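Participant: Predicted model, plus sequence, below.
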Amino acid sequence: MNIAIITGVTSGMGKELAKQIVPQLHKTDEIWLLARRKELMQELARTMRIKTRVIPIDLADERELGRFREVLSIASPRITLLACCAGVGSYGAFDSQEDEKISAMLRLNVTAQTMFVKLCLPYLRKGSRIIQFASGAAFVPQPGFAVYAATKAYGYALARALGRELAKKGIRVTTVCPGPVDTPFLEHAYGGGVSMSAWKKRTMVSAERVVEKAIEDCKRHRAVSVCGLPVQLLYLATQSAQNLALHFL
C-alpha cells in the first residue's frame with residue numbers, strides 16, 4: 001500500500017497542503033492525516049478526494065509516537081510523501097518567556113520532528129518525497145523569536161543534510177522556508193496585546209501561495225522552497241557560503 005503522511009493538518013500550512021496535494025498523488029492509495037484534534041481532521045477528511053485515514057496524535061508525546069511506530073509496523077506501507085507541517089512558536093523576550101512555552105517549542109520543533117522523520121524513513125523508497133516546513137526565521141537569529149528561530153534553524157539544517165544523504169537512495173527532500181504567513185500560527189505566537197511589526201505585515205503571504213510554490217518546488221526536486229521576494233533576498237544573502245560548503249562535504 002502506498003500512502004502519504006501529513007502532520008499538523010488542523011490549521012495553517014498542513015491543512016492547506018492536504019487540500020492542494022491530492023492531484024499530485026498519482027501513485028498513492030491513501031493519505032494519513034496526523035494532528036491532535038480528531039474532530040477537525042475528520043471534517044477535513046470528508047472533503048478529501050482520496051481514501052483518508054485520521055490518526056489523532058501528539059507528536060511530542062513519546063508514548064504516542066511509539067504507538068504510531070507500531071501502526072507503521074503493522075501496515076508496512078510505502079510512504080510516497082512525508083510532509084512535516086506541525087510546529088509551534090511563541091513570541092517574547094527569552095528571559096521573560098514561560099519555561100513551558102520554551103519547552104513546548106523544543107519538544108515539538110526539534111525532538112518530535114527529528115524522531116518522527118527517523119521512524120518513517122524505513123518506509124520511504126526510491127521516488128519518495130519529504131516536504132519539511134521550516135521558516136525564513138531559520139536564516140538569521142531573531143530577537144523576540146529567539147527560541148523559535150533557533151528550532152527552525154535546526155530543522156532547516158537537518159533537512160538540508162538529510163537531502164544530501166537520501167539523494168543517494170532516490171529520496172528527495174524539500175525544505176519550505178516562508179516569511180510571515182497569514183495563518184492562525186501568528187495569532188498564537190504573538191498572543192494578546194502584542195502587535196506584529198509593520199515590515200512583517202507588509203511582507204505577509206497567504207498559505208495558499210506558500211503551499212502552491214512548495215508543491216511546485218518539490219516536483220522540480222528543489223532543496224529549498226522560499227516564497228516571497230523579501231525572504232528570497234534574505235535567503236540568497238545568508239546561504240551562499242553554506243550552499244558552497246555543502247558541495248564539498
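Facilitator: Yes, it's here.

Participant: show me where pLDDT drops low in this protein?
Facilitator: 183-203, 240-249 (pLDDT under 70).

Participant: can you list contacts of the lengthiest strand in it?
Facilitator: Criterion DSSP state E: the longest strand present in the chain is strand 124-133. The set of residues external to strand 124-133 that reach it, using C-beta atoms under 8 Å, 6 or more residues apart in numbering, is 8, 13-14, 17, 78-85, 87, 113, 117, 155, 158-159, 162-163, 166, 169-176, 214, 218. For glycine as for every other residue, the C-beta is placed from the backbone atoms N, C-alpha and C.

Participant: Now do the helix ranked longest in the chain against strand 124-133: the angle between them, please.
Facilitator: For the chain, the longest helix by residue count, based on DSSP state H, is helix 146-166. If you take axes from the mean of the first three to the mean of the last three C-alpha atoms, to 10 degrees, helix 146-166 sits at 160 degrees to strand 124-133.

Participant: Determine how far the helix or strand following helix 146-166 lies from the middle of the whole chain.
Facilitator: Next in sequence after helix 146-166, counting helices and strands by DSSP states H and E, comes strand 172-176. Between the centre of strand 172-176 and the centre of its chain there are 9 Å (C-alpha atoms, centre = their mean, to the nearest Å).

Participant: repeat for stretch 86-98
Facilitator: The mean C-alpha position of stretch 86-98 is separated from the chain mean by 18 Å, C-alpha atoms, centre = their mean.

Participant: Pull up the distance across that stretch, start to finish.
Facilitator: 21 Å (C-alpha to C-alpha, to the nearest Å).

Participant: how much does the host helix or strand of L119 deviate in direction from strand 172-176?
Facilitator: L119 belongs to helix 113-120 when elements are defined using DSSP H and E. Per the same axes, to 10 degrees, the angle that helix 113-120 makes with strand 172-176 is 160 degrees.

Participant: Please report how far the residue lying closest to A153 once chain neighbours are set aside lies from V176.
Facilitator: Computed as C-beta to C-beta, 6 or more residues apart in numbering, the closest residue to A153 that is not its neighbour in sequence is A138, at 4.5 Å. Distance of A138 to V176, given as C-beta to C-beta, to the nearest Å: 10 Å.

Participant: More neighbours: which of these two?
Facilitator: Comparing A138 with V176 by other C-beta atoms under 10 Å, the one with more neighbours is V176, at 28 against 25.
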